[in-house]
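Q: What follows is a predicted structure for the sequence shown.
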Amino acid sequence: MNYISTRGQIGKDNSVSSMYAIKTGLACDGGLFVPETVPALTKEDITRLCTLDYPHRAADILGRFLTDYDSAYLLESAQKAYGEDRFPGGAAPMTKLDGTRNILELWHGPTCAFKDMALQIMPRLLTGALKGTGEERTAFILVATSGDTGKAALEGYKDIEKIRITVFYPEEGVSRVQKLQMATQTGDNVCVCAIKGNFDDAQNGVKKIFSDREYAKLLDKNGLFLSSANSINWGRLAPQIVYYVSAYCDLVSRGDIDLGDSINVTVPTGNFGNILAAYYAKLMGLPINKLICASNSNNVLTDFLKTGTYDRNRKFYTTMSPSMDILISSNLERLLYLICGAEETAGYMKKLAEDGCYTVSADCLAKIRESFDGAFCDEKETADTIRTTFDADKYLIDTHTAVALKCANGYIAETGDKRPMVIASTASPYKFAVDVLAALDGKPQGDPLESLEKLSALTGTQIPAPLSGLDKREVRFNKSINKEDMLEEISGELGI
Ligand SMILES: *Cc1c(COP(=O)(O)O)cnc(C)c1O
């Protein structure tokens, strides 16, 4: 299985291996790597996967996409990444709310957000790729984060040989807990820096550095090369396909559905990575009917799915679900490629870069809407959903999951579609304790760290170990720079 660019400049003739795609992150024409074909998942395959544990399921699915990796290496990597020590109680457990709605809890890893699902295994995939491609340079991972990716990447890549990592985050765009998690990061090969701007500023700055050929040469001279851990990297996407397949298997194993029955999936969406992984699972043959793309007040995707026009020229809202405060959803490019091919995609991306806006053809929109439905949820509805879900179902959710749940409820009510709905739960409620607590008791909250204790006392649930005692850890990184100075910052850090 080889990989090509969504923009078609590297065609079938010079496609690359999965190791190369994971090592470099971004195609040289600015496009994103996608597999040439989508491997099939048959009924027999699913039957067999139902009998396996999560690491074996992961190794099986990954092996279909990452064909140049040794299968024993993939299994060993999955067992280490998803073991009991990192995911106590299992990697992706599912809680049944009622006969229709199931919450797929993707936040039981070391940083309490779903990014761990990919970023615990991705460093192993990168290490495998460095070895497998005879790479002698050190990989320099550069990350722009809206909060959760940064911490998860730092945790995944810390103290790994031949890898260095720098994370930029928007100073005002992440929660206090997220900030503390990053500022106290351990490891000798890590660096964290705030920028004065929003997430898109951070992401654009990082993208600019990635496309700077002169800088790449300078890095090369110093025995370094750039690699990405953002969901533009295929190594992030592939592990996310696994948990949708796994959730389906669990529904079959529990007797909630018969093999072959279709389900719906709702995903709280920012960069469009998580929901795209679900779409890949559908393309493989997993019986998924509709994918509901749930947004917060930054509802650029809701509008796109309704009208076919993607327009990032709009007000940016800082919400209580900050990991979804995004106006350029990078992975939408992969969906466009899958639906309408490289040539059209390259055109749309050019328009996006120039005008911040593009409109897809009617045919393209119709095809997208066969699989996708879009909805959004404002701040009040998010808070209401947290409260009513706790009151009615005795189940505590975070702000991002609340956005998804509200949109899922809306879809079920409007369509009457009673297929089992899998709702991706992307963060522990404790990661966003201030807003979760305010939603429950209606009072504005004081100190963010005290909120963790209060939330625990109020709900009778436990603070996850990775989030307790955050204020007692040493702060190692507290720098904040202008968005124009990112290049200078990393050069200083790398000493080049
Ligand atoms: C990253 C993140 C999202 C958005 O996921 P995308 O793959 O960017 O669409 C949603 N919720 C949480 C908690 C996240 O960390």
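A: Thanks, I have it.
Q: Please list the residues of the stretch 1-150 of the chain that sit near the ligand.
A: Residues of the stretch 1-150 of the chain lying near the ligand by CB under 6 Å from any ligand atom: 113-115, 148. Backbone N, C-alpha and C define where each C-beta goes, glycine included.
Q: Could you rerun that using 8 Å?
A: Residues of the stretch 1-150 of the chain lying near the ligand by CB under 8 Å from any ligand atom: 107, 113-115, 146-149.
Q: so can I have CSV of these showing pLDDT and neighbour count?
A: Below are those laid out as CSV (pLDDT from 0 to 100; neighbours: other CB atoms under 10 Å):
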residue, pLDDT, neighbour count
W107, 97, 26
A113, 93, 26
F114, 95, 31
K115, 94, 32
S146, 76, 24
G147, 74, 27
D148, 81, 27
T149, 87, 26
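Q: Helices - which of those land there?
A: Judged by DSSP state H, helices contain the following of these: 115, 148-149.
Q: ok, back up a step: and the residues of the stretch 1-150 of the chain next to the ligand, which two are the farthest apart?
A: Spanning the widest gap among those are W107 and S146, at 15.6 Å by CB to CB.
Q: returning to what we had before: nearest to the ligand, of the ones in helices among the residues of the stretch 1-150 of the chain next to the ligand?
A: D148 (3.1 Å; CB to the nearest ligand atom).
Q: Tell me how far that closest one lies from S15.
A: As for D148, its distance to S15 is 32 Å (criterion: CB to CB, to the nearest Å).
Q: What degree of burial does Y411 show, as a neighbour count?
A: Y411: 20 surrounding residues under other CB atoms under 10 Å.
Q: Next one, pLDDT for it please.
A: Y411 is assigned 98 on the pLDDT scale.
Q: Say whether the ligand is contacted by stretch 153-165.
A: No: Stretch 153-165 does not reach the ligand (CB under 8 Å from any ligand atom); its nearest approach is 11.5 Å.
Q: State the separation between that stretch and the centre of the chain it belongs to.
A: Relative to the chain's own centre, stretch 153-165 is displaced by 18 Å; criterion: CA atoms, centre = their mean, to the nearest Å.
Q: Restrict the helix or strand hosting E488 to CA atoms and write it as CSV.
A: Using DSSP states H and E, the element containing E488 is helix 486-494. The C-alpha coordinates for helix 486-494 follow below in CSV (Å, rounded to 0.1, in the frame of the first residue of the first chain):
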residue,chain,number,x,y,z
MET,A,486,8.1,31.2,15.9
LEU,A,487,11.0,30.5,13.6
GLU,A,488,13.5,32.4,15.7
GLU,A,489,12.2,30.6,18.8
ILE,A,490,12.9,27.1,17.4
SER,A,491,16.3,28.1,16.0
GLY,A,492,17.3,29.3,19.4
GLU,A,493,16.0,26.2,21.0
LEU,A,494,17.8,24.0,18.6
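Q: other SSEs contacting it?
A: With contacts taken as 3 or more CB pairs under 8 Å, 6 or more residues apart in numbering; DSSP states H and E, helix 486-494 sits against strand 138-144, strand 163-170, strand 190-196, helix 199-210.
Q: what angle separates the next helix or strand after the last one from strand 138-144?
A: Remark: after helix 199-210, the chain's next helix or strand is helix 213-221, criterion DSSP H and E. Between the axis of helix 213-221 and that of strand 138-144 there is an angle of 140 degrees, by axes from the mean of the first three to the mean of the last three CA atoms, to 10 degrees.
Q: tell me the mean pLDDT over helix 213-221?
A: 96.
Q: now swap in stretch 30-48 and tell me
A: Across stretch 30-48, pLDDT averages out at 96.
Q: Mind listing what's buried along it?
A: 30-35, 38-39, 41, 45-46 (16 or more other CB atoms under 10 Å).
Q: Check the secondary structure at Y358 for me.
A: Under the three-state scheme (DSSP: H, G, I helix; E, B strand; the rest coil), Y358 adopts strand.
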